[in-house]
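# For reference, the sequence and a predicted model appear below.
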Amino acid sequence: MSRLRKYGVEATIDFEVYEVDGVDLRADWVPAQADCEIMKDGGASTLCDNTATDEGSTYSIVLTATEMQAARLVLKVVDAATKAFLDKVVIIETYGNASAQHAMDFDDDSVRADWVDGGRLDLLLDGASTHDAAAVLAAIQAAGTHLTLIKAVTDLLPDAGALTTIAADAARLTAARAAVLTDWIDAGRLDAILDAIKAVTDAMPDSGALTTIGADAARLTAARAGALTDWIDGGRLDLLLDAVKAITDAIPDSGALSAIGTDTARLTGVRAAVLTDWINGGRLDLLLDAIKVVTDALTSAAATKLAASAGQIIQATVDTVVNTHTPTTTEFQADDVTEATTDHYKGRIVIFTSGALVGQATDITGYAKVTTIGQFTVTAMTEAPANDDTFVIV
């Protein structure tokens, strides 16, 4: 049976261990850090950050907020020395995040408030006296989100079939919004590209040599125009919202759709935040303008220097397999770097382009070839990189 804990929040997991004969509890085990491993979403098992604690006849371990960032976790307790107890496995499922096993936040008081006596959904059931109450309750219990809850109830109302297409349209709209936000939020795909460009150009002796940025800026401008076209008054997504409103206004008892108005307001707020960044004088628009000022001043000689500098940028990938090496905040290995000379890259800068460290930069304080691949020592980062995280050396 799995345990339920909140996504990304530190959690204490209690467990018991049995003697090797499986009859009695083992109460005199002395835990060591090497005895406990965690596997996240079917990935590789790693040692837990903390050591288990003796609670008397049982034990517990604290999983950190970072360790709890997974949909499904498997905690394995195996004696690293001579086996003194039966191996223990604890399955943990998370909730309260889009990346969790269960997206709904069970700690949200607004969710519980809907179901208590006199709450929104309780009153909705009380008002369904002219219909099959058991069917209404079964439909609500089977639903998982606000939109599907509304659909489950209104499908049983006279002429409520007009809502059939709303759930599908709203799901597509939510997916489109999520895709746009994922790209543009801080550390998103396009934001990370801009940060990486700035990190490289700031380190160049003659950073004016950016002849190709003009073309890139034009492509970014085109992408921005495409996003704005969808969101402006009369655009594709704006028309979709208008169509949803036209349908709901015509429903005999459209009061059941009060939650849609709230969701639409939040969506409009998100759209406004995106537009604020892109309008003339916005954050990203000003960044593009600054890049253009630099590129307009470029000379042929500066472009030649840029080409030479760019040619020395090395792309590499973190590896934990070849030497079974576990990265730390100050040390990691890369299987596509094989330079044999000690401290060959000392003094250069590492910028991560994927993983939890994306956009973070640090300096190389030492380098050595370990077996067949390179090992880097750097100034401490906020966290350790993971296998297959990518980075560049500038």
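It's in.
# Pull out the CA atoms of the longest strand belonging to the chain and give them to me as PDB.
Criterion DSSP state E: the longest strand present in the chain is strand 361-370. The C-alpha trace of strand 361-370 is given here as PDB (Å, rounded to 0.1, in the frame of the first residue of the first chain):
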ATOM      1  CA  ALA A 361      27.100  29.400 -14.300                       C
ATOM      2  CA  THR A 362      30.200  28.600 -12.200                       C
ATOM      3  CA  ASP A 363      34.000  28.600 -12.700                       C
ATOM      4  CA  ILE A 364      36.300  25.500 -13.200                       C
ATOM      5  CA  THR A 365      38.800  25.200 -10.300                       C
ATOM      6  CA  GLY A 366      40.300  21.900 -11.400                       C
ATOM      7  CA  TYR A 367      40.200  19.200 -14.100                       C
ATOM      8  CA  ALA A 368      41.500  15.600 -14.400                       C
ATOM      9  CA  LYS A 369      40.900  12.600 -16.600                       C
ATOM     10  CA  VAL A 370      39.500   9.700 -14.600                       C
END
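# Just name whatever secondary elements that strand is in contact with.
strand 349-352, strand 373-378 (3 or more C-beta pairs under 8 Å, 6 or more residues apart in numbering; DSSP states H and E). Any C-beta I mention is one placed from the backbone N, CA and C, and that applies to glycine too.
# Out of those strands, the one nearest Val321 is which?
Between Val321 and these, the tightest spacing by C-beta to C-beta is seen for strand 373-378, at 9.8 Å.
# Contacts for that closest one, please.
316, 319, 322-323, 325, 330-339, 345, 350, 362-369 (C-beta atoms under 8 Å, 6 or more residues apart in numbering).
# Among those residues, name the buried ones.
Buried members of those, counted by 16 or more other C-beta atoms under 10 Å: 316, 319, 325, 331-335, 337, 345, 350, 362, 364, 367, 369.
# Show the contacting residues for the closest residue to Ser2 other than its chain neighbours.
Spatial nearest neighbour of Ser2, excluding adjacent residues (C-beta to C-beta, 6 or more residues apart in numbering): Ile91 at 4.0 Å. Each residue near Ile91 by C-beta under 8 Å, 6+ apart is listed here: Met1, Ser2, Arg3, Arg72, Leu73, Val74, Leu75.
# Just say helix, strand or coil for Gly43.
coil (DSSP: H, G, I helix; E, B strand; the rest coil).
# and it, how many neighbours does it have?
12 (other C-beta atoms under 10 Å).
# Please apply the same query to Ala192.
17.
# quick one: what helix or strand has it in it?
helix 189-202 (DSSP states H and E).
# following that helix, which helix or strand comes up?
helix 213-231.
# Output the contacting helices and strands for that next one.
Counting by 3+ C-beta pairs under 8 Å, 6+ apart, helix 213-231 packs on helix 189-202, helix 236-249, helix 258-278, helix 283-296.
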